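Asker: Coordinates only, no sequence provided:
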């Protein structure tokens, strides 16, 4: 049965998103330690072709359990599969699109001329220990009977590809300007991209900095990393704005629904002790807990404003208000934040992917 390329692309995309999430959480998928060790050997090898053909073999195995994954050329028999076409139409474009270091194509270099993935091919290869690791993983793949088990192997392999990208340099795509319509589409896409909450923080900080510079405000804007405890210096949220050393606005940025208990806890631990009069919860969804809103109104009567704003809507409205000149400030400010060394490469690749889609649609 010919490989369904559309199905293979969809499987790659879905599983890679899961692998990226695993990497952001620092929780690698579970595979047998000996298998993990052999896969590690493939990613330590300078021969990129080994790990790339393995990815194609797994996809082919999912599509058709009757094929012989040792036979990547259709002329090798009835159970062979077209490894080169699968690589050229699915695997290699995927690696390039996700900005993962990769070769021109394993079947254009290392595995040409009807080779088989067996011991006979071992002769003449440069990194034979890594090739032995490939053969061992192929044997393991052949032993797997369920799609679930094969899926776990695919997820771990893609997790290692995501790690490989983290260890490389991902230059950011640069654009001079975007229209408001493009910004709205871009924000929706970036905010729906798994980032451990980093994308919304960086976008809000960049917008606040653009407002500050555009209007010449004497603000000091401070922000901290995701899941970092508030510092002893007096930070009262993910973002703090000071004027003449006084906190004039503090905010938390969250991808979770803000419940009443969180509002109460935040007020008791941050808002009241610091005397903050204006506190924002930036949220990335429209869901609101009615009890949280009621609790915020209680604090309003006590002189403390606690409000909830949708990140995407807030960004578009503020960029509209500061005009074209202000919007020209926003992009370089955001890209400077995104280009920081501590920002995951997955976010930088996501920016490149989405900015290319947005500009191509225009």
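Answerer: Yep, that arrived. Note that the structure is predicted; figures quoted are calculated from it, not measured.

Asker: contacts, neighbours, all on C-alpha from now
Answerer: Noted.

Asker: where does the protein dip in pLDDT?
Answerer: 1-2, 225-235, 286-288, 361-362 (pLDDT under 70).

Asker: What is the longest strand along it packed up against?
Answerer: In the chain, with assignment by DSSP state E, the single longest strand is strand 246-254. The contact analysis (3 or more CA pairs under 8 Å, 6 or more residues apart in numbering; DSSP states H and E) places strand 246-254 against helix 198-215, strand 239-243, strand 278-283.

Asker: And the strands in the stretch 251-362 of the chain, which stretches?
Answerer: Along the stretch 251-362 of the chain, the segments classed as strands by DSSP state E, counting those that start in this stretch run 278-283, 305-310.

Asker: So what touches the first one?
Answerer: Right, the one you point to is strand 278-283. 248-258, 271, 304-311 (CA atoms under 8 Å, 6 or more residues apart in numbering).

Asker: Please repeat the previous calculation with a cut-off of 10 Å.
Answerer: Identification of contacts with strand 278-283 by CA atoms under 10 Å, 6 or more residues apart in numbering yields 200-201, 204, 236-240, 247-258, 263, 266-267, 270-271, 296, 300, 303-312, 314.

Asker: Ok, the last one next?
Answerer: Residues outside strand 305-310 that contact it (CA under 10 Å, 6+ apart) are 250-253, 258, 263, 267, 271, 276-288, 292-293, 295-300, 315.

Asker: For ChimeraX, write the selection for the buried entries among the residues you listed.
Answerer: Buried members of these, defined by 16 or more other CA atoms under 10 Å, are picked up in ChimeraX with:
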select :250,251,252,253,258,263,267,271,276,277,278,279,280,281,282,283,284,285,292,293,295,296,297,299,315
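
Asker: Okay, buried residues for stretch 91-103 please.
Answerer: Along stretch 91-103, these residues count as buried under the neighbour rule (16+ other CA under 10 Å): 91, 92, 93, 94, 95, 98, 99, 100, 101, 102, 103.

Asker: need the contact list for the closest residue to the second one other than its chain neighbours.
Answerer: Right, residue 92. With CA to CA, 6 or more residues apart in numbering as the criterion, residue 92 has its nearest non-adjacent residue at 6.5 Å, and that residue is residue 105. Contacts for residue 105 were tallied using CA under 10 Å, 6+ apart; they are 48, 49, 52, 53, 84, 87, 88, 91, 92, 93, 111.

Asker: Which one of those is nearest to residue 321?
Answerer: Compare each of these with residue 321 using CA to CA and the shortest gap goes to residue 93, at 40.1 Å.

Asker: close enough to count as contact, that closest one and residue 52?
Answerer: No - judged on CA atoms under 10 Å, residue 93 makes no contact with residue 52 at a distance of 11.5 Å.
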